[in-house]
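[1] When you get a sec, could you give me coordinates for this:
(one chain, ligands or ions: 4)
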Amino acid sequence: MSDRERIRTTCPYCGVGCGVVASTDGSVTGDRDHPANRGRLCSKGAALGETLIDSDRLLHPLIGERRASWDEALDLIARQFGDTIARHGPDSVAFYVSGQFLTEDYYVANKLMKGFIGSANIDTNSRLCMASSVAGHVRAFGEDLVPACYDDLEAAELVVLTGSNLAWCHPVLYQRLAAAKEAHGTRIVVIDPRRTATCEIADLHLALRPGSDVALFGGLLAHLDTHGLCDRRWTMDRTTGFGAALDAARSFVPSIGNVAALTDIPADDIARFFAWFATTERTVTCYSQGVNQSTAGTDKVNAILNCHLATGRLGRPGMGPLSLTGQPNAMGGREVGGLANQLAAHMGFAEADIDRVRRFWQAPRMASRPGLKAVDLFDAVLDGQIRALWILCTNPADSMPRASRVRDALRACPFIAVSDCWPTDTSRLAHVVLPAAGWGEKDGTVTNSERCVSRQRPFRAAPGEARPDWWMLTEVARRMGWEQAFAYATPAEIFREHAALSAFENEDGHRLFDIGALADITDEHYERLQPVQWPLRRGASMAGTPRLFGEGETSARPLTFVATPYRPVAVPVSEAWPLVLNTGRLRDQWHTMTRTGVVARLMTHRREPMLDIHPTDAEQLGITETGLVRIESPHGTTTMPVRLSTDQRRGEVFAPMHWNDSHSSAGPIDHLVGAAVDPVSGQPELKATPVKVEPVAPLWRALLLKSDASKPEGEVYWSRAPVEGGHAFDLAGLSELPDGVDSRAWVLRLLGASPGAELVVYADPARATFRYASIVDDRLEACLFIAREAAALPDRSVLVAALGAPLTPEARLTLLSGCSTAADAEDAGPIVCACFGIGHGTLCSAIAAQELTTVVDIGRTLRAGTNCGSCIPELKSLLRDAQAARPELADA
Ligand SMILES: Nc1nc2c(c(=O)[nH]1)N[C@H]1C(S)=C(S)[C@@H](COP(=O)(O)OP(=O)(O)OC[C@H]3O[C@@H](n4cnc5c(=O)[nH]c(N)nc54)[C@H](O)[C@@H]3O)O[C@H]1N2
Ligand SMILES: Nc1nc2c(c(=O)[nH]1)N[C@H]1C(S)=C(S)[C@@H](COP(=O)(O)OP(=O)(O)OC[C@H]3O[C@@H](n4cnc5c(=O)[nH]c(N)nc54)[C@H](O)[C@@H]3O)O[C@H]1N2
Ligand code: SF4
Ligand SMILES: [Mo]
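    Residues are numbered from 1 along each chain as shown. Ligands and ions are numbered 1, 2, ... in the order given. Reported below is the predicted structural model:
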């Protein structure tokens, strides 16, 4: 394939920011030259080609249900925003945007709201994601700075992962770390209430009480001082506030015993962690949502930073704090100032900053104070203060806490515009929907967790009339009267302005975010821009800066310790709400499933939402794995399947954040999640909502296969996963099956049978087994298998293979009457290796039968784990379980 057909771009998922080489035919490979991944990709990255499906895309603007022209839709948005501002002032409108924006999209959205509309009511899903890290960095470093880089993970001797499930959420960094451990024995400590896949490479797992990280790191600070291990000279030279931070830590965690009481971690394990940290100079601490999504999130970040400041461990190879960003451009959004409490280019709302940005933008109406943060913003929509809202590149009807309230706000708002690539639970509530160009179609830059700016380049035409977000934003700005300020014709023009603002009146370098060297970049250079880390000041070489606060750094700003008194989670459990609901991510799904939920292969690892609960808690509540559970919080209720798991602590349950209304009747778990926020960052506590859980015994189970995705109605639990040629639904009956005539109508409706389809029925009422197939032109159009127990349902792979295929009359009957059940078949179970479709059952049998003892053995025998490597932590866990069952294998 020629180079013209192979385009270098960046993965649109997590903040690792892997380089991808995409071909015009849609195939993707890892970019060997990209510094983040050097050719690696995880399961989601490797399946990117399969997400490039045009069929379900939004293809043209909609006003209500009606197809509209771009002009009509853009005019309407400009008029609605203009009229609302004229009548109610600039703070009566808002934008809610996304860390999946490109920097250029983000820059124009921020400029329009803060410099021209004159309000700072632009907030982003980064409020749910990075806000506590941003606030913690600003408090400690005076600016939102991430000092370390990925190479430090490899050079470290100790890596502490707190509130991070690296194996599933930043898989390529996990692979880099696992390889470093293999090469030179890096010690790894995982701090997480759950035993996650990441724990497979941990030397120590601290299963702390949710929310108690401040006690752990406060205790560490006190311990370091007591044992004379703080770098007093360095702290005297470079920092302020050490005494107050130490006093605060001493006041609540003077000893390991106190830490143990607050964190619920065995004292010996705490002592081991403290000793390792104390004696290992090359230590990197990584943190993610277990830290950020907390009402003590900002304090958690500063408690961690305090320990690195006290030991002078930053700015040198192999050490430093490393906040892991979630989305591909969470960092770029922070650079442009996309949060409501930032202004632009790492400037805030100080008079001098406002004035500087005003002059740079030649802005007619600058925002003079911070705007509303996400939770407050949607509350202001509900109570009528905000009357026009434009949501771009995010799906808050599913991803915001108290999602039902957010949906009420969207329904109540006089005007909602949504830009997305697909219809979503949010777009369904909008007055105007704009079709956005997506990954592979859009053009611009993103910045990853280590401050590395990379290009996303287009390699396919956007379908229908889809257009990039920056274009829609500038078109609305022009229609509102600001033609000159938004006259951009290309993303490169926007990027140059963004780079110039970062360097504007920054000759003394008081803002470390400075990419002035790129302010005059030519179109051609922008086109072939190589990944580069900032700071990148004017006159600097294009080599970038791997780590901040290093030797010889000119800006000797003082670094600040912050006193972080311990406080527990906002809402404690009670008799009425006795369990803590934790939420987070699965390996193969991305957020609200608009992209990964359409790829059959990515739905095989977990095809349904499930609540994880400790077996002892389950037993006490009468919950069994064959049943369902009803979960209730003060904010909402849902019903889903359950998984018993000793990886959970007692008293705590875990649900994935991914499912939405079109993938399951369970809907988004955020209907239940509370919205208590961190007082500094405004980030909600998404990982600790008190709930109650009860067993639900379904009256029947069913498997429905059909070509379309329409939802089943009635009193059923359902969950949908795309399969080759259609969709598979798991159903569970919450009421009795309809009888007689009703049942036929019900079956036909469920099957979505075409008019004239032949309905073949096989019923064995004595065994409560009912099987139906709808046949059109001798092909299986849809089928429904009903049984009392899930184990009595058919082996789904046989049916999936039959969907749409020609069927002789005999074959129909065999299919219905003789189809082997899931229990009879060699149970492949849930798929572990998504690349080669290798199931749990197959792996367990092969490990036992062939006495496999290593991941390499498994790869040689079954190929599992030999492509993207995302399943390797789970393969290791299966090997460990097999060895525990047969200790003689371990000695072999
Ligand atoms: N597969 C996949 N990868 C992703 C994403 C995705 O949707 N899917 N999304 C991306 C995005 S935007 C983000 S923000 C990142 C998130 O990446 P992570 O933060 O790694 O992911 P989460 O699963 O949200 O949460 C991490 C862990 O925090 C733990 N935790 C809960 N409470 C506490 C606590 O009080 N203290 C500590 N120490 N830990 C706690 C949870 O048990 C969970 O295992 O992932 C990115 N990568
Ligand atoms: N309970 C709970 N809730 C959570 C979390 C949690 O851990 N627990 N995590 C939080 C975190 S960290 C995050 S980051 C959020 C994520 O929450 P969301 O941002 O709501 O999740 P996504 O599904 O990624 O939504 C992105 C939307 O943008 C669309 N899209 C993709 N590309 C483009 C584009 O180029 N242009 C436009 N206009 N649209 C595009 C997608 O189709 C999708 O609908 O969820 C938060 N919510
Ligand atoms: S680790 Fe996976 S999801 Fe994250 S950027 Fe790399 S390929 Fe994409
Ligand atoms: Mo995130």
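[2] Let me know whether stretch 39-56 sits next to ligand 3.
    Yes: residues of stretch 39-56 are located near ligand 3 by CB under 6 Å from any ligand atom, namely Leu41, Cys42, Lys44, Gly45. Glycine gets a C-beta too; all of them are placed from N, C-alpha and C.
[3] For the first one, give me its contacts.
    Just to be clear, that refers to Leu41. Leu41 is in contact with Cys11, Cys18, Val20, Val28, Thr29, Gly30, Val172, Cys868, counting by CB atoms under 8 Å, 6 or more residues apart in numbering.
[4] go with 10 Å
    With contacts defined as CB atoms under 10 Å, 6 or more residues apart in numbering, Leu41 is in contact with 11, 16, 18-21, 28-31, 47-48, 171-172, 175, 867-870.
[5] Out of those residues, which are close to ligand 4?
    Filtering those for neighbours of ligand 4 using CB under 5 Å from the ion leaves an empty set.
[6] Give me the subset of those residues lying in helices.
    Pro171, Val172, Gln175 (DSSP state H).
[7] So the last one is in contact with Gly869, correct?
    Read it as Gln175. Yes: Gln175 lies in contact with Gly869 (CB atoms under 10 Å); the separation is 5.6 Å.
[8] Overlap in contacts, the two.
    The contact sets of Gln175 and Gly869 overlap at Arg40, Leu41, Cys42 (CB under 10 Å, 6+ apart).
[9] Adding distance to ligand 1, write these out as TSV.
    Compiled in TSV, the shared contacts of Gln175 and Gly869 are given as follows (distance: CB to the nearest ligand atom, whole Å):
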residue	distance to ligand 1
Arg40	15
Leu41	13
Cys42	8
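[10] List the ones among those that fall in helices.
    Checking the shared contacts of Gln175 and Gly869 against helices, none of them qualifies (DSSP H).
[11] For Val677, give me phi and psi.
    phi -120, psi 160 (degrees, to the nearest 10).
[12] hang on, I meant Ala197
    Torsion angles at Ala197 (phi, psi; degrees, to the nearest 10) stand at phi -60, psi -30.
[13] List the residues that contact it.
    By CB under 10 Å, 6+ apart, the contact set of Ala197 is 165-169, 171, 174, 587, 647, 870-874, 876-877.
[14] I'd like to know the average pLDDT value across stretch 513-530.
    The average pLDDT within stretch 513-530 is 96.
[15] re the thing from before, considering only the contacts of Ala197, which also neighbour ligand 3?
    Residues of the contacts of Ala197 in contact with ligand 3 (CB under 6 Å from any ligand atom): Pro171.
[16] What about the contacts of Ala197, which are in helices?
    Leu166, Ala167, Trp168, Cys169, Pro171, Tyr174, Ile872, Pro873, Glu874, Lys876, Ser877.
[17] nearest spatial neighbour of the fourth one, skipping sequence neighbours?
    Excluding the flanking residues, the one nearest Cys169 by CB to CB, 6 or more residues apart in numbering is Arg585, at 5.3 Å.
[18] interface residues of the stretch 151-300 of the chain facing ligand 2?
    Neighbours of ligand 2 within the stretch 151-300 of the chain, by CB under 6 Å from any ligand atom: Gln289, Gln293.
[19] Using TSV, lay out the shared contacts of Gln175 and Gly869 together with pLDDT.
    Below are the shared contacts of Gln175 and Gly869 laid out as TSV (pLDDT from 0 to 100):
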residue	pLDDT
Arg40	96
Leu41	96
Cys42	95
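[20] Return the closest of those with respect to Arg407.
    In terms of CB to CB, no member of the shared contacts of Gln175 and Gly869 lies closer to Arg407 than Cys42, at 32.3 Å.
[21] That closest one is in contact with Cys14, isn't it?
    Yes: using CB under 10 Å, Cys42 makes contact with Cys14 at a distance of 8.2 Å.
[22] between those two, which one's more packed in?
    With neighbours defined as other CB atoms under 10 Å, Cys42 and Cys14 compare such that Cys42 has more, 29 against 26.
[23] residue contacts, the residue of the stretch 701-850 of the chain found nearest ligand 3?
    Among all residues of the stretch 701-850 of the chain, Ala834 sits closest to ligand 3, at 12.4 Å; criterion: CB to the nearest ligand atom. For Ala834, the contacting residues are 43-44, 46-47, 587-588, 599-605, 864, 867-868, 870-871, by CB under 10 Å, 6+ apart.
[24] now stretch 140-159: how far from the chain's centre is it?
    Mean-position distance between stretch 140-159 and its chain equals 21 Å (CA atoms, centre = their mean, to the nearest Å).
[25] before we move on, what about stretch 757-774?
    Taking CA atoms, centre = their mean, the mean C-alpha location of stretch 757-774 is offset from the chain mean by 42 Å.
[26] Leaving out chain neighbours, which residue sits closest to whichever residue of the chain sits closest to ligand 4?
    Evaluated by CB to the ion, the chain has Gly326 as its residue closest to ligand 4, separated by 2.6 Å. Ranked by CB to CB, 6+ apart and with sequence neighbours excluded, the top spatial neighbour of Gly326 is Cys129, at 4.5 Å.
[27] List the residues that contact the closest residue to Pro656 other than its chain neighbours.
    Nearest residue to Pro656, sequence neighbours excluded (CB to CB, 6+ apart): Leu586, at 4.9 Å. The neighbourhood of Leu586, defined by CB under 10 Å, 6+ apart, consists of Asn165, Trp168, Cys169, Thr596, Leu602, His605, Arg606, Pro609, Met610, Pro656, Met657, His658.
[28] let's see 7 Å
    Residues in contact with Leu586 (CB atoms under 7 Å, 6 or more residues apart in numbering) are Trp168, His605, Arg606, Pro656, His658.
[29] The residue in the stretch 751-892 of the chain that ligand 1 sits nearest to: neighbouring residues, count only.
    The minimum distance from the stretch 751-892 of the chain to ligand 1, using CB to the nearest ligand atom, falls at Ser870 (8.7 Å). When counting by other CB under 10 Å, one arrives at 28 neighbours for Ser870.
[30] do the same with the one 4 residues further on
    Other residues within reach of Glu874, judged by other CB under 10 Å, total 22.
[31] for the stretch 701-850 of the chain, what are the low-confidence residue spans?
    Applying pLDDT under 70 to the stretch 701-850 of the chain flags residues 740-742, 818-828.
[32] Quick check: bridge partners of Leu705?
    Beta-bridge partners recorded for Leu705 (DSSP bridges): Ala728, Cys783.
[33] Now do the SS call for Gln620.
    Judged by DSSP: H, G, I helix; E, B strand; the rest coil, the three-state class of Gln620 is helix.
[34] Make 13 the starting number, not 1.
    Let's use 13 as the start, then, which means that last one is Gln632.
[35] Quick check: it vs Val705, distance?
    In this view, Gln632 and Val705 are 11 Å apart by CB to CB, to the nearest Å.
[36] and what of Trp373?
    From Trp373 to Val705 the distance is 52 Å (CB to CB).
[37] Equivalent analysis for His670, please.
    Here the criterion is CB to CB. By it, His670 lies 19 Å from Val705.
[38] So between those two, which is more surrounded?
    It is His670, of His670 and Val705, that has more neighbours when counted by other CB under 10 Å, with 25 against 21.
[39] Could you check which helix or strand contains that one?
    Using DSSP states H and E, His670 maps to neither a helix nor a strand.
[40] Please name the nearest non-neighbouring residue to it.
    Using CB to CB, 6+ apart and skipping the chain neighbours, the partner closest in space to His670 is Gln601 (4.3 Å).
[41] Using the three-state scheme, assign that neighbour.
    Following three-state DSSP, the label given to Gln601 is coil.
[42] can you list the residues of the stretch 563-712 of the chain near ligand 2?
    Contact residues (CB under 6 Å from any ligand atom) of the stretch 563-712 of the chain with ligand 2: Thr595, Gly596, His603, Thr604, Thr606, Met669, Ile681, Asp682, Val685, Leu698.
[43] Number of residues surrounding the residue nearest to Leu743 when sequence neighbours are not counted?
    Distance criterion CB to CB, 6+ apart; nearest residue to Leu743, sequence neighbours excluded, is Ala714 at 4.0 Å. By the criterion of other CB under 10 Å, Ala714 has 24 neighbours.
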